[in-house]
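S.K.: This is the structure alone, sequence omitted:
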């Protein structure tokens, strides 16, 4: 869970981690819009290929890539199956399983493939963003998009303390398991509710301690955010080039679709 | 329809396939996978619409946060920590006996009881953003839809149930159970509604909505009950050991 959720790989030094997070967010949003509005599978699949290739170049562990993509891939499989067999009118092929007749249809397959490609393309964009940008820098970049300061404060606190509480919960769960707390269904449920209750108690107590510590450091109800530096020339250039690339690809795809 | 199947047979096969798929998805070994709509799944128009629906609720929650923070300066750290706890609770796998697999609670019911529904929407929006960014669960494009399902529907139904049950004189433990149960079911119902709205295309809206709901019954019915037990059990645990902490969390609010 820790490896899956943490942003440890974003602290490596490479060409992508050096780009300003605001530029990366703008590029990612543009790519998401292009994928979401695509009318054919080619553009989303190209985006998926580029993102996955970049992730491989950055040597992100295959285990992490598989874990992150497992759910979206299964959703893609589901979408293709549902759409192929339940929408459309032009039969492609048919088969019978245990007396049930299934007919695959061309329109459904096309629609399912498009939806699946969109999911893969957009998931890979966000995945790439998350392995080259630390969480706190993403939150920092959100300020540039005029996201509420209160929302950001809570987000920063939440992200910080998820890991603190995660350690405590792991210790508690291990202690419960050592005391055979999960050996029977009823006992497991009692252990589970006790674990959830303990997590809440820990969080409320930690909130008091955190507030006291923050007050000692001058906190008076609002976290101070420093001014955002202007976007550098190199970052502006990268953003412009990427946006031109994405818009051109989208227009090309639109022209082919027409 | 192409005339190969009758409407009834089509419906039963659709439900069977969705149920099988729900089972497969529920058995995936990935953490924190309550039912969220995946990145890129909703068409652009629907994604924008659900953002438009979600934003006022998040704004209301943020206004409430500002108001309560002026009254109680510890309030922001408290909401952040409760949010972190609820996020972790929603990552804890609980066994679903009927499906023979593990699934995950939403945690919005207990959060709504602890800090109120408005702030739960804020916490849910952050949790969903973190899940979209770092777990590939849910998504940035489907964030609005997921906030409406988990944050708005889950927390307001959960809190409403808690409030009504308490006013009717229902014991607090039963009220907490009902809040957890209904907040979970409301989340799934809303997600089904959102998926149906986006994908029913030529077929009947109500028929497809009912089918998706029915198809998810084998996992969601027991999961809702387990979430109710979790909500009541966790609340009882805190009340028995540190009741003063609940009063602190509920400053001007719920529990």
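M.R.: Received it, and whenever you're ready, just let me know what you need. What you see is a predicted model, and the numbers here were worked out from it, not measured in a lab. Numbering: from 1, shown residues only, chains lettered A, B, ... in the order given.

S.K.: Could you tell me which residues of the stretch 151-255 of chain B lie near chain A?
M.R.: Counting by C-beta under 8 Å from any C-beta of the partner chain, the stretch 151-255 of chain B comes close to chain A at B:201, B:226, B:229-230, B:232-238, B:241-242, B:245, B:248-249. C-beta here means a position set from N, CA and C on the backbone, and glycine is covered the same way.

S.K.: let's see 6 Å
M.R.: B:230, B:233-234, B:237-238, B:242, B:245 (C-beta under 6 Å from any C-beta of the partner chain).

S.K.: Select from those residues the one having the most neighbours.
M.R.: Highest neighbour count within these, by other C-beta atoms under 10 Å in any protein chain shown: residue B:234, with 29 neighbours.

S.K.: surely it meets residue A:193?
M.R.: Yes - using C-beta atoms under 6 Å, residue B:234 is in contact with residue A:193, at 5.3 Å.

S.K.: all helices for chain B, in order.
M.R.: With DSSP state H as the definition, chain B shows helices at residue ranges B:7-26, B:44-71, B:75-89, B:108-115, B:117-134, B:143-146, B:155-167, B:172-199, B:205-241, B:243-249.

S.K.: Can you tell me which of those helices is most buried?
M.R.: Neighbour counts (mean count of other C-beta atoms under 10 Å in any protein chain shown) averaged over each of the helices of chain B peak at helix B:108-115, with a mean of 33.

S.K.: Give me the packing partners of that helix, helices and strands only.
M.R.: helix B:75-89, helix B:117-134, helix B:155-167, helix B:172-199, helix B:205-241 (3 or more C-beta pairs under 6 Å, 6 or more residues apart in numbering or on different chains; DSSP states H and E).

S.K.: right, so of these, which gets closest to residue A:220?
M.R.: Of all those, it is helix B:75-89 that lies closest to residue A:220, at 11.2 Å by C-beta to C-beta.

S.K.: which residues touch the closest one?
M.R.: A:153-154, A:157-158, A:161-162, A:165, A:169, A:196, A:199-200, A:203, A:206-207, A:210-211, B:68-69, B:107, B:111, B:114-115, B:119, B:123, B:127 (C-beta atoms under 6 Å, 6 or more residues apart in numbering or on different chains).

S.K.: again, 7 Å this time
M.R.: With contacts defined as C-beta atoms under 7 Å, 6 or more residues apart in numbering or on different chains, helix B:75-89 is touched by A:153-154, A:157-158, A:161-162, A:165-166, A:169, A:196, A:199-200, A:203-204, A:206-207, A:210-211, A:214, B:65, B:68-69, B:105, B:107, B:110-111, B:114-115, B:119, B:123, B:126-127, B:249, B:251.

S.K.: Residue A:32 contacts residue A:124, doesn't it?
M.R.: No - counting by C-beta atoms under 7 Å, residue A:32 stays clear of residue A:124, with 10.5 Å between them.

S.K.: Now do residue B:67, the pLDDT please.
M.R.: At residue B:67, the model reports a pLDDT of 91.

S.K.: So which bits of the strand or helix carrying residue A:129 are buried?
M.R.: Assessed by DSSP states H and E, residue A:129 sits inside helix A:106-132. Across helix A:106-132, burial judged by 16 or more other C-beta atoms under 10 Å in any protein chain shown covers A:108-132.

S.K.: Okay, the nearest residue to residue B:198 once chain neighbours are set aside and residue A:187: tell me how far apart.
M.R.: Using C-beta to C-beta, 6 or more residues apart in numbering or on different chains and skipping the chain neighbours, the partner closest in space to residue B:198 is residue B:46 (4.6 Å). From residue B:46 over to residue A:187 the distance is 44 Å, taken as C-beta to C-beta, to the nearest Å.
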